[in-house]
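[1] 3D, please:
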Amino acid sequence: MHSLVKEATGIDFNSFGEDVVSAKDAAKGVLGIKTESSVSLQACSSVGHILNEVFETVIESSLVQPTFVLDYPVEISPLAKPHRRYAGLTERFELFICGREIGNAFSELTDPVDQRGRFENQIKQHNAKRAALNKEVKSSEGKDDEDDFSYEVSLDEDFLTSLEYGMPPASGMGLGIDRLVMLLTNSASIRDVIAFPVLKIQQ
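    Predicted coordinates:
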């Protein structure tokens with residue numbers, strides 16, 4: 001992921017270390033954001049999240065040929081095992097075809113202490129992004145995007161308890177039929193291909 005972003009933008013996000021402010025300034029230059037108006041970027045709480053924001057905006061749509069993107073930042077991979085060679089990264093890859101994510105795979109994190117810390121971090125980040133987006137929606141009436149952060153997130157104590165009892169080394173890959181159908185039918189939204197979508201309550 002770092003290499004793809006550096007190749008396309010000339011910015012090496014590894015060089016920022018923990019300097020979130022400098023990383024945001026660099027990302028604004030790349031994304032053409034001249035003001036503080038990008039709620040999504042402003043809500044990023046780490047360099048890993050900023051890297052992911054730049055990747056999704058600049059790189060993702062250009063991955064037409066089947067491409068495996070490796071070594072995701074730990075901040076955006078809460079269930080993945082830390083990389084055995086590179087600090088701050090995880091053993092995770094995603095498959096992209098025609099500018100869309102088709103599959104996700106990683107070595108499973110089996111350390112309950114590390115997992116609890118990551119979950120707690122994820123909840124804090126989610127709530128911060130949710131608050132920022134709610135503020136933006138209130139300031140611009142009728143705006144209805146960023147559904148990804150409209151729900152509440154809570155700590156999965158059952159899962160953490162299971163990890164404390166012990167989990168053997170494991171890995172997994174998710175490749176959804178819906179995403180394959182999106183690829184085959186050239187559909188822009190997953191809602192267009194789900195056979196039985198969840199219907200919104202009609203007013």
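[2] with adjacent residues omitted, what lies nearest to R84?
    Residue nearest to R84 in three dimensions, not counting chain neighbours: E91, with 7.1 Å by CB to CB, 6 or more residues apart in numbering. Where C-beta positions appear, they are placed from N, C-alpha and C, glycine not excepted.
[3] so how far is M182 from that neighbour?
    27 Å (CB to CB, to the nearest Å).
[4] could you verify that G174 is part of a helix?
    No: for G174, which was evaluated using DSSP: H, G, I helix; E, B strand; the rest coil, the result is strand, with no helix membership.
[5] how many neighbours does it have?
    For G174, the number of neighbouring residues by other CB atoms under 10 Å comes to 11.
[6] bridge partners for it, pull those for me.
    N104 (DSSP bridges).
[7] contacting residues for it?
    Shown here is G174, whose contacts under the criterion CB atoms under 8 Å, 6 or more residues apart in numbering are G103, N104, A105.
[8] pLDDT weak spots in this protein?
    Counting by pLDDT under 70, the low-confidence segments of the chain come to 33-39, 136-150, 197-203.
[9] show me where this structure has its strands.
    67-70, 92-97, 100-107, 171-175 (DSSP state E).
[10] I76 is nearest to which of these?
    With CB to CB as the criterion, I76 lies closest to strand 92-97 of these, at 9.1 Å.
[11] output that closest one in PDB with nothing but the alpha carbons.
    Provided in PDB are the C-alpha atoms of strand 92-97 (Å, rounded to 0.1, in the frame of the first residue of the first chain):
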ATOM      1  CA  ARG A  92      -3.100  -8.500   5.300                       C
ATOM      2  CA  PHE A  93      -3.900  -8.200   1.600                       C
ATOM      3  CA  GLU A  94      -6.900  -7.200  -0.500                       C
ATOM      4  CA  LEU A  95      -7.700  -8.100  -4.100                       C
ATOM      5  CA  PHE A  96      -8.700  -5.300  -6.400                       C
ATOM      6  CA  ILE A  97     -10.200  -5.700  -9.900                       C
END
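[12] name the residues of the longest helix anywhere in the chain that are buried.
    Longest helix of the chain, by residue count under DSSP state H: helix 112-139. By 16 or more other CB atoms under 10 Å, the buried positions in helix 112-139 come out as 112, 115-116, 118-119, 122, 125-126, 129-130, 132-133, 136-137.
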